[in-house]
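J.: For reference, the sequence and a predicted model appear below.
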Number of protein chains: 2
Amino acid sequence: MTKTPASPEPLTPPATRRPGGRSARVRANVHQAVVDLVAERGYGTFTVAEVADRAGVADSSVYRRWGTLEALLMDVVVSRLTDRSPMPDTGNLPGDLRAFAAKAAEDVSGQGGLALLRTVVTVLAAGPDGEAARDRFLAARSEQIQSMLDRARARGEDPPEMLDVLDVVLAPMYVRVLFGVGPLTPNYIDGLIDRLLAHRRR
Amino acid sequence: MTKTPASPEPLTPPATRRPGGRSARVRANVHQAVVDLVAERGYGTFTVAEVADRAGVADSSVYRRWGTLEALLMDVVVSRLTDRSPMPDTGNLPGDLRAFAAKAAEDVSGQGGLALLRTVVTVLAAGPDGEAARDRFLAARSEQIQSMLDRARARGEDPPEMLDVLDVVLAPMYVRVLFGVGPLTPNYIDGLIDRLLAHRRR
């Protein structure tokens, strides 16, 4: 019995789910090396060999586990979203949405966040591997948002559709960061949430 | 007097404004070579030398006029937006917005459009050159949208802010195309316009 009580959806490769041990250390070190290299130099400027060197592992370990640099990059992005950004649970939908949007804004703002957002978009352009990675990213993000909306419905609130959260809240933040249009202020984010909630089923 | 009666904002390098002649032919051929290469292979897969070769011009001509591959790519994108997508003028704001959004959806959908959208985003990641190119892209797009909104105001309509058009209409379309979330159907686009018009100054 080496398996942990995993969450129902295997969003990351099975090997990464083993707690502790050499495998987990390798994953943590490789992820950290990617985050550092993206922040320092940006996407497209480093190789698997450089990641492996900085993480103190063999190139073959990286290739065996992730296959390609693009798959590794997307694993890092999905991991940051799912492991490091647990969904808020404030007891009501507007509170959850505001906390979620503020966290999402924080994730994509700043140098590291912008680099990762650009990584996602760039990886999406990388053909079939990119599409598989994109689907994993979307599945992870969708599951998070849906759980928040399901809780609202269970409380008797009237949540919007999941894709409306993408269209009204996340898409403008992503595009503004990518295009460098103004900072994502709390006031701006509140306006997005107001717009979303004003357009619930009428 | 070699200057043409140019529009007020020099969105493209002065050399490209000369109508006809060798300079215009070079520009047209180089642009077409880029469009073809992006559609065939995607961004990041070709060099200035390959563009020049396909366009039948010297590498040095490309470097002298555009400086970098990234600047050239962004010039192509801006040119497609401004030269090939004149703003609609239907006589009323909802009509203009619907025609504008339908054209924008067409521009970013399909293989060629997606490749160009990815190009914009990827070029944005390319440091200071990317930022200059991004600002030109934004200036071109903003000027188009603002002219449409100004006409609406002159007619006595109550147009939304320019950035609301970005947030509510363009951003969701861009993100859905980049993430591969469903097709941009006429019904979907109408919903975006309805959302934008419902949120005009209250």
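T.: Cool, got the structure. Nothing here was measured: the structure is a model prediction, and the numbers come from that model.
J.: which regions of chain A lie under the pLDDT threshold?
T.: Along chain A, the model assigns pLDDT under 70 to residues A:1-20, A:42-44, A:81-86, A:110-113, A:115-116, A:119, A:122-130, A:199-202.
J.: Could I get the full set of helices for it?
T.: A:21-41, A:48-55, A:59-66, A:69-83, A:93-108, A:110-124, A:127-154, A:162-165, A:171-179, A:186-198 (DSSP state H).
J.: if you compare those helices, which one is most tucked away?
T.: Ranked by mean neighbour count, those are led by helix A:171-179 with a mean of 22 (mean count of other CB atoms under 10 Å in any protein chain shown). C-beta: built from backbone N, CA, C; applies to glycine.
J.: name the helices or strands packed onto that one?
T.: helix A:93-108, helix A:110-124, helix A:186-198, helix B:110-124, helix B:127-154, helix B:171-179 (3 or more CB pairs under 8 Å, 6 or more residues apart in numbering or on different chains; DSSP states H and E).
J.: now the angle from that helix to helix A:93-108?
T.: Per axes from the mean of the first three to the mean of the last three CA atoms, to 10 degrees, the angle that helix A:171-179 makes with helix A:93-108 is 20 degrees.
J.: Report the angle between helix A:171-179 and helix B:127-154.
T.: Going by the same axes, to 10 degrees, helix A:171-179 makes 130 degrees with helix B:127-154.
J.: distance between helix A:171-179 and the chain's centre?
T.: Distance, stretch centre to chain centre, for helix A:171-179: 15 Å (CA atoms, centre = their mean, to the nearest Å).
J.: ok and that helix relative to helix A:186-198, angle-wise?
T.: 150 degrees.
J.: ok, residues contacting helix A:171-179?
T.: A:101, A:104-105, A:108-109, A:113-114, A:117-118, A:121, A:181-182, A:184, A:189, A:192, B:121, B:124, B:134, B:137-138, B:166-168, B:170-172, B:174-176 (CB atoms under 8 Å, 6 or more residues apart in numbering or on different chains).
J.: what residues are up against the nearest residue to residue A:184 once chain neighbours are set aside?
T.: Nearest non-adjacent residue to residue A:184, counting by CB to CB, 6 or more residues apart in numbering or on different chains: residue A:105, 4.1 Å away. By CB under 8 Å, 6+ apart, the contact set of residue A:105 is A:173, A:184, A:189.
J.: Quick check: the closest residue to residue A:66 other than its chain neighbours vs residue B:34, distance?
T.: Distances taken as CB to CB, 6+ apart place residue A:72 nearest to residue A:66, at 4.0 Å, with adjacent residues excluded. Residue A:72 sits at a distance of 30 Å from residue B:34 (criterion: CB to CB, to the nearest Å).
J.: Centre of the chain to stretch A:169-179, how far?
T.: The answer for stretch A:169-179 is 14 Å, by CA atoms, centre = their mean.
J.: Tell me which of the helices and strands packed on helix A:171-179 lies nearest to residue B:68.
T.: The closest of these to residue B:68 is helix B:127-154. By CB to CB, the value is 5.6 Å.
J.: so, in contact with chain A or not, that closest one?
T.: Yes. Applying CB under 8 Å from any CB of the partner chain, one finds helix B:127-154 touching chain A at B:127, B:131, B:134-135, B:137-138.
J.: So which elements touch that helix?
T.: For helix B:127-154, the packing partners by 3+ CB pairs under 8 Å, 6+ apart are helix A:171-179, helix B:69-83, helix B:93-108, helix B:110-124, helix B:162-165.
J.: Would you mind putting those into TSV with distance to residue B:143 alongside?
T.: Below are the helices and strands packed on helix B:127-154 laid out as TSV (distance: least, CB to CB, whole Å):
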stretch	distance to residue B:143
helix A:171-179	15
helix B:69-83	8
helix B:93-108	13
helix B:110-124	17
helix B:162-165	10
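J.: if we can go back for a sec, let me have the helices of chain A in TSV, adding distance to residue B:61 as columns.
T.: Converted to TSV, the helices of chain A look like this (distance: least, CB to CB, whole Å):
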stretch	distance to residue B:61
helix A:21-41	31
helix A:48-55	36
helix A:59-66	41
helix A:69-83	34
helix A:93-108	39
helix A:110-124	29
helix A:127-154	32
helix A:162-165	47
helix A:171-179	30
helix A:186-198	44
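J.: Out of those helices, flag the one nearest residue B:152.
T.: Closest among these, using CB to CB: helix A:186-198, at 20.3 Å.
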